[in-house]
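[1] show me how the following folds:
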Amino acid sequence: MYLENIPKRNNRTMKGKRIGRGYGSGVGGHTVGRGSKGQKSRTGHKSLEFFEGGNVAFFRRMPKYRGFNQSRKIENDAVNVNTLEKEFKAGEVVSVETLKEKGIIKKNSQGVKILGKGEITIKLNIEGVAVSAAAKEKIVKAGGTIK
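    Okay, the predicted model is just below:
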């Protein structure tokens, strides 16, 4: 009879090893399977996963980003009323496409909002662009329309 011919027992469960419970437990003893001496034999030694030999650990060097960051957030590019007066002529249509064509906003920008800094005297037609309350008041006062 050979060891490889012995049939395996199904559902065989063994008790967990009780390490560090004296020589009578059959496991460990006073060194408890850690070997003798050295950092790894001591209690409270640092694991190699985060320990960097006394340097400040990588995850502690990183800045802390707190809170929730929305992944689909659209950040609008700001365009002031005085910029529109410089770049557009009276009666022209101001839309996202025309702003991109004139190079006022980037070609890959997601959204635009017109803000009320400066003065406007020409009549402009604004379509499909977010407008602040102050800018809306100045544009309507100059005779422009907002759709």
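
[2] any idea how many residues pack against the closest residue to T98 other than its chain neighbours?
    Nearest non-adjacent residue to T98, counting by Cβ to Cβ, 6 or more residues apart in numbering: E92, 7.3 Å away. Where C-beta positions appear, they are placed from N, C-alpha and C, glycine not excepted. Counted with other Cβ atoms under 10 Å, residues neighbouring E92 total 15.

[3] my guess is E92 meets K102, correct?
    No - using Cβ atoms under 8 Å, E92 makes no contact with K102, being 10.0 Å away.

[4] could you point out the longest helix in this protein?
    As assigned by DSSP state H, the longest helix anywhere in the chain is helix 133-141.

[5] could you list the buried residues of that one?
    For helix 133-141, the buried set under the neighbour-count rule, 16 or more other Cβ atoms under 10 Å, comprises 135-136, 138-139.

[6] now stretch 38-48
    Of the residues in stretch 38-48, none is buried (16+ other Cβ under 10 Å).

[7] nearest residue to E119 in space, ignoring adjacent ones along the chain?
    N82 (6.5 Å).

[8] which SS class is that neighbour?
    Per DSSP: H, G, I helix; E, B strand; the rest coil, the local secondary structure of N82 is helix.

[9] identify the residues contacting G20.
    Contacts for G20 were tallied using Cβ atoms under 8 Å, 6 or more residues apart in numbering; they are 28, 32.

[10] shouldn't it be within a strand?
    No - per three-state DSSP, G20 lies outside any strand segment and is coil.

[11] any idea how far G118 is from it?
    According to Cβ to Cβ, to the nearest Å, G20 stands 77 Å off from G118.

[12] all the strands of the chain, residue numbers only.
    76-80, 93-94, 111-115, 125-126, 130-131, 145-146 (DSSP state E).

[13] which residues are contacting the second one?
    Applying Cβ under 8 Å, 6+ apart, the contact partners of strand 93-94 are 84, 88, 114, 124-127, 129.

[14] likewise the fourth one?
    With contact meaning Cβ under 8 Å, 6+ apart, strand 125-126 is reached by 91-95, 114, 139, 144-147.
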